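Q: Fold the following.
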Amino acid sequence: MEIVGYIAVINLLCWAMCFAFVVSMRMPVYHPIFLYLIYHFLGYVIRPFNVFLIGKSFLWNTIGLIPSDGTLWLTCLNINCALFAVVVLPALVEPRNLRELKIPPTRFVISDKVRFFSVLIVLVALGLYSTHVAYGSAGVDSVQSFDVQVDANGGQRLVGVSGYMMAFAEFIPAALLILILAYGMTPTMVAATGSFVLLRILVGAQRLSFVIVVVSALTIGLMRRGRRSFAVKTILIGFILVLLFDVVGSDRLAARKILTGDTSVAEIVNHYEQARSAGAGTSDFQEFDVSSAIYELVPDRTGFNWGTQYLRLLTWPIPRGIWPSKPTTTQRINLLKYGNFFALTWSLHADLYSIFGFPSLVGGMFIVGLFLYRFHNRVIYTANPKLFASYWIFNGYISTLFRDGGVPMAYFFGFSFVAIYILVKAGKIRMARIALPAPNRDKVRQGGAGSTARLSIQTLSDRP
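A: Okay, the predicted model is just below:
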């Protein structure tokens, strides 16, 4: 594993150069490019250091495949070229996206509260019903109440529940995000957000949902206060949430077992120490491991996907009641032929590389980076509440884009956007700028992340 140590150092140096680049531009931490740098740091810098220190990769052992030295060096090359392609190259090609990076302090104004809250109650009820159907009767022996069939190509099909029914659960994070944009993190919103997080911990599934809400709440709080970075105490809270995310992942049934008396907190901590503590919080960010394993196989043993994985965007929305024989996957490559890749997310890097190699990886990451820069720049000047809300929900789901690729991201973001669209139209929501008092413009107020005390509000005129 000595070679992994050298690669980790190289990855750290390349990441540090890109980090210095965005810091020199005074990029706010809620910028999607900054969020990518955080993800990259965990998955491609900290993770190889962790593999080097413990002397093995549990994921490689699970798959039953150890990448060769040549593949590890190829992984290093791909990782860092992709990093510069997504962070630096789009900024050099379109420097106009760097002229202004901080989103003006903004809030939502709900004009029709009766219609808004009536629709909100319906959407949240649908989300709770979806959660109950999928997980409510599972007990302590299984996370979900439905079965999953796996075909020969590794595709997964839900049995006993519709994918559309599952999608209703994404309405709740979207509804909470709209409320946070309108009211900030008031005590009521803190209680609502905390209740949702506890529900997800109890369910033991869809951990991504509470990450979305927490990340959105923290980053929207920065935007509303006109700040670019978090205070130290917020960073500490972030570390605690990462640990909580990791602990829940080590035993999805932990909360239920505590409530039924089948286990104790001490037993859960002991299980976590045995199962995942060696991962140093990176057990859910094994991007280096999975990318190198896939590069070992693609294209020498599997060939390329040639973009066939994205055909699923066309087949996925069709209900199985209309198309009973609908394929569960459309990509050419079946990794299950070469190891235990069951339910393993590919990472955006490997997904793009599988299209036709290094050119599709670097070109694809450049296109992703250019989109992220343009999207952020557009939101700075927009008066469209649907676009503004979409930006924050997109940032919440952005780890799905990086870890799973474009197809799952389109699924989660698409259904969340449905809720955003309905709520904005029902409430006749408009945007208003928050004019901070000059002496406190760059300081944290005592009122908290969402306080609107002592703020003057300027309503934005509608623009197309």
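Q: So, low pLDDT: which residues of this protein?
A: Along the chain, segments meeting pLDDT under 70 span 137-147, 152-155, 160, 205-210, 244-252, 255-256, 269, 271-282, 438-464.
Q: how does it look with 80?
A: Low-confidence segments of the chain, defined by pLDDT under 80, are located at 1, 134-163, 201-212, 232-284, 343, 436-464.
Q: quick one, domains of it?
A: When the chain is parsed with automatic domain parsing, its domains come out as 1-102+282-381, 105-225+386-464.
Q: Could you work out the end-to-end span of the longest one for me?
A: Using CA to CA, to the nearest Å, the gap from the first to the last residue of domain 1-102+282-381 comes to 49 Å.
Q: From the chain's centroid, how far away is it?
A: The offset between the C-alpha centroid of domain 1-102+282-381 and the centroid of the whole chain comes to 13 Å, using CA atoms, centre = their mean, to the nearest Å.
Q: before we move on, what about the last one?
A: Between the centre of domain 105-225+386-464 and the centre of its host chain there is 12 Å, according to CA atoms, centre = their mean.
Q: next one: stretch 98-110
A: Averaging C-alpha coordinates over stretch 98-110 and over its chain gives two centres that are 21 Å apart (CA atoms, centre = their mean).
Q: Now do the end-to-end distance for that stretch.
A: End-to-end distance of stretch 98-110: 32 Å, with CA to CA as the criterion.
Q: Any chance you could list what contacts that stretch?
A: Here stretch 98-110 makes contact (CB atoms under 8 Å, 6 or more residues apart in numbering) with 25-28, 30-31, 91, 116, 178, 181-182, 184, 223-226, 228, 373, 376-377, 379-380, 385, 388-389, 427-436, 452, 455, 457, 459. Heads up, the C-betas are built off the backbone N, CA and C, glycines and all.
Q: Tell me the buried residues in stretch 364-384?
A: Of the residues in stretch 364-384, those buried by neighbour count under the rule 16 or more other CB atoms under 10 Å are 364-366, 368-370, 372-373, 375-377, 379-380, 382-384.
Q: Tabulate the domains of the chain (a markdown table), appending distance to G238.
A: Formatted as a markdown table, the entries for the domains of the chain read as follows, by distance: least, CB to CB, whole Å:
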| stretch | distance to G238 |
| --- | --- |
| domain 1-102+282-381 | 10 |
| domain 105-225+386-464 | 7 |
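Q: Which of those sits closest to S264?
A: Ranking the domains of the chain by distance to S264, with CB to CB as the measure, places domain 105-225+386-464 first at 13.9 Å.
Q: all helices of the stretch 1-150 of the chain, in order?
A: Ranges of helices within the stretch 1-150 of the chain are 2-24, 32-40, 47-54, 58-63, 69-87, 89-93, 113-135, based on DSSP state H, counting those that start in this stretch.
Q: I misspoke; the intended subject was the stretch 351-464 of the chain.
A: Taking DSSP H, counting those that start in this stretch to define them, one finds helices in the stretch 351-464 of the chain at 358-381, 385-404, 406-427.
Q: right, so the ones you listed: which one is the most enclosed?
A: helix 385-404 (a mean of 22; mean count of other CB atoms under 10 Å).
Q: Report the angle between that one and helix 32-40.
A: Following axes from the mean of the first three to the mean of the last three CA atoms, to 10 degrees, one obtains 20 degrees for the angle between helix 385-404 and helix 32-40.
Q: Run through who's touching stretch 76-89.
A: By CB under 8 Å, 6+ apart, the surrounding residues in contact with stretch 76-89 are 7, 10-11, 14-15, 18, 21-22, 33, 36-37, 40, 44, 288, 291, 295, 349, 352-353, 358, 361-363, 365-366, 368-369, 372.
Q: now could you export just the CA positions of it as CSV?
A: The C-alpha atoms that make up stretch 76-89 are tabulated as CSV, following Å, rounded to 0.1, in the frame of the first residue of the first chain:
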residue,chain,number,x,y,z
CYS,A,76,-4.3,9.3,-9.6
LEU,A,77,-4.0,10.9,-13.1
ASN,A,78,-7.8,10.7,-13.8
ILE,A,79,-8.7,12.1,-10.3
ASN,A,80,-6.5,15.2,-10.6
CYS,A,81,-7.2,15.9,-14.3
ALA,A,82,-10.9,15.7,-13.5
LEU,A,83,-10.4,18.1,-10.5
PHE,A,84,-8.7,20.8,-12.6
ALA,A,85,-11.3,20.3,-15.4
VAL,A,86,-14.2,21.0,-13.1
VAL,A,87,-12.7,23.7,-10.8
VAL,A,88,-10.1,25.7,-12.8
LEU,A,89,-10.8,25.2,-16.6
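Q: buried sites along it?
A: Applying a neighbour-count criterion of 16+ other CB under 10 Å, the buried positions in stretch 76-89 are 76, 78-89.
Q: can I get those in a markdown table with distance to V232?
A: Output for the buried residues of stretch 76-89, formatted as a markdown table (distance: CB to CB, whole Å):
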| residue | distance to V232 |
| --- | --- |
| C76 | 33 |
| N78 | 35 |
| I79 | 30 |
| N80 | 30 |
| C81 | 34 |
| A82 | 31 |
| L83 | 27 |
| F84 | 30 |
| A85 | 33 |
| V86 | 28 |
| V87 | 25 |
| V88 | 29 |
| L89 | 33 |
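Q: How many neighbouring residues does G64 have?
A: The number of residues packed near G64 is 11, by other CB atoms under 10 Å.
Q: Just to check, it is in contact with K337?
A: No: the pair G64 / K337 is not scored as a contact, 11.9 Å apart, by CB atoms under 8 Å.
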